[in-house]
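1. Give me a model of this one.
(one chain, ligands or ions: 1)
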Amino acid sequence: MPAFVKMHGLGNDFVVLDAREGALPLDEATARRITDRKTGIGCDQLIVIEPSDRADVFMRIRNADGGEVEACGNAARCIAALVMAEKGTGSAKVDSLGGLLQAEAVAGGGVRIDMGVPRLDWQQIPLHCAMDSLHLDFAPAPGLADPVAVNVGNPHVIFFVDDAAAVDLERCGPAIEHDPLFPARVNVNIAQVLDRDRIRLRVWERGVGITRACGTGACATAVAAMRRGLTGRAVEVRLDGGALQIAWPEAGPQQGHVLMTGPATESFRGTFADDLLAGDGISPQDRAGGSRAA
Ligand SMILES: N[C@H](CCC[C@H](N)C(=O)O)C(=O)O
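-> Alright, predicted model coming up:
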């Protein structure tokens, strides 16, 4: 009976499987079954931790739609916390398709993680054609125009608006995610700069939909705001599920790296029958066991 750990970062939730002792048979269809909130265990992303020769673990990420992606900031904090608890240390290295991430525990139980240097060139986002990533010639809906594009291991487009709550993200999110301007699709960020230290952010995630928080979205939005001179170099990003602290220092040992600090929460642990991984169509709810957190 494979075990899993249910975790979340500000409500952006994950099912974590441990494949360090042996590979798990995981294809897109299996991932979709597990992430499905009606017939599966239910989560935004499925995370599989694997052995690594250059980090504590390799973190493999699949969105709810089953597609494998390069980065997931909230999950990176959660996996780092899991590794630090296992090792009894205050730091951890997590490798991923988006790069090697260095994390450390911070007072109060949160995790601070170095998300690396953001990629800003149009080919690195990627965009379909040459464009200034600080001012995209792209106006997909009324009130949404002139966005910024940033890659923090995964692709993000950021629209700055006067009132984030007023944007119908359910309606405009899918079309922007799948716009031909973004050959790898894109995560859609709706940002309202509250003042030079705070940003309100709502996110339609590639391969998922609206999530309660998006770590890489918070990082990309902070970088976009700083590039436009809208905020200082350290901001609080307020998402539906809570706040993340993002810094993009211009000097010092981590100059140019995006640093994210926020919570990493374990919800509960459980097991499910082998056939969920093989896929027999039986609802895992009839199988999923494990103690549920209060
Ligand atoms: N949907 C994202 C992956 C998860 C990002 C988000 N959950 C985060 O915390 O960074 C993508 O397709 O790139």
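2. Around the closest residue to residue 124 other than its chain neighbours, how many other residues sit close by?
-> Once flanking residues are discounted, residue 124 sits nearest to residue 151: 5.2 Å by C-beta to C-beta, 6 or more residues apart in numbering. C-betas here are computed from N, CA, C, even on glycine. Neighbour count of residue 151, defined by other C-beta atoms under 10 Å: 24.
3. Give the full set of residues in contact with residue 151.
-> 118, 119, 120, 124, 125, 126, 220 (C-beta atoms under 8 Å, 6 or more residues apart in numbering).
4. Confirm for me that the second one is in contact with residue 126.
-> Right, the one you point to is residue 119. No. Taking contacts as C-beta atoms under 8 Å, residue 119 lies outside contact range of residue 126: 9.3 Å.
5. Number of residues surrounding residue 86?
-> Other residues lying near residue 86 total 11 when counted by other C-beta under 10 Å.
6. Check the secondary structure at it for me.
-> Here residue 86 is recorded as helix under DSSP: H, G, I helix; E, B strand; the rest coil.
7. same question, residue 89
-> Put simply, residue 89 is coil when judged by three-state DSSP.
8. rewinding a little: the residue nearest to residue 124 pairs with what?
-> Judged by DSSP bridges, the bridge partners of residue 151 are residue 119, residue 155.
9. now it: how far from residue 222?
-> 14 Å (C-beta to C-beta, to the nearest Å).
10. Show me which residues of the stretch 101-250 of the chain are close to the ligand?
-> Residues of the stretch 101-250 of the chain found near the ligand (C-beta under 6 Å from any ligand atom) are 154, 187, 205, 206, 207, 208, 211, 214, 215, 216.
11. rerun at 8 Å
-> Residues of the stretch 101-250 of the chain lying close to the ligand (C-beta under 8 Å from any ligand atom) are 152-156, 185, 187, 203, 205-208, 211, 213-219.
12. Please flag which of those residues sit within helices.
-> 215, 216, 217, 218, 219 (DSSP state H).
13. so who does the fourth one touch?
-> When contacts are counted by C-beta under 8 Å, 6+ apart, residue 218 touches 73, 201, 237, 239, 244, 246, 260.
14. Which one of those is nearest to the ligand?
-> residue 73 (3.7 Å; C-beta to the nearest ligand atom).
15. Nearest spatial neighbour of that closest one, chain-adjacent residues omitted?
-> Nearest residue to residue 73, sequence neighbours excluded (C-beta to C-beta, 6+ apart): residue 215, at 2.1 Å.
16. residues in contact with the one you found?
-> The contact partners of residue 215, by C-beta under 8 Å, 6+ apart, come to 9, 12, 72, 73, 74, 75, 76, 77, 115, 244, 260, 262.
17. one more time with 6 Å
-> Residues near residue 215 by C-beta atoms under 6 Å, 6 or more residues apart in numbering: 73, 74, 260.
18. ditto for residue 237
-> By C-beta under 6 Å, 6+ apart, the neighbours of residue 237 are 199, 201, 218, 244, 246.
19. Most neighbours among those residues, please name it.
-> Neighbour counts for the contacts of residue 237 (other C-beta under 10 Å) peak at residue 218, which has 33 neighbours.
20. separation between that one and residue 129?
-> Residue 218 is 28 Å from residue 129, by C-beta to C-beta.
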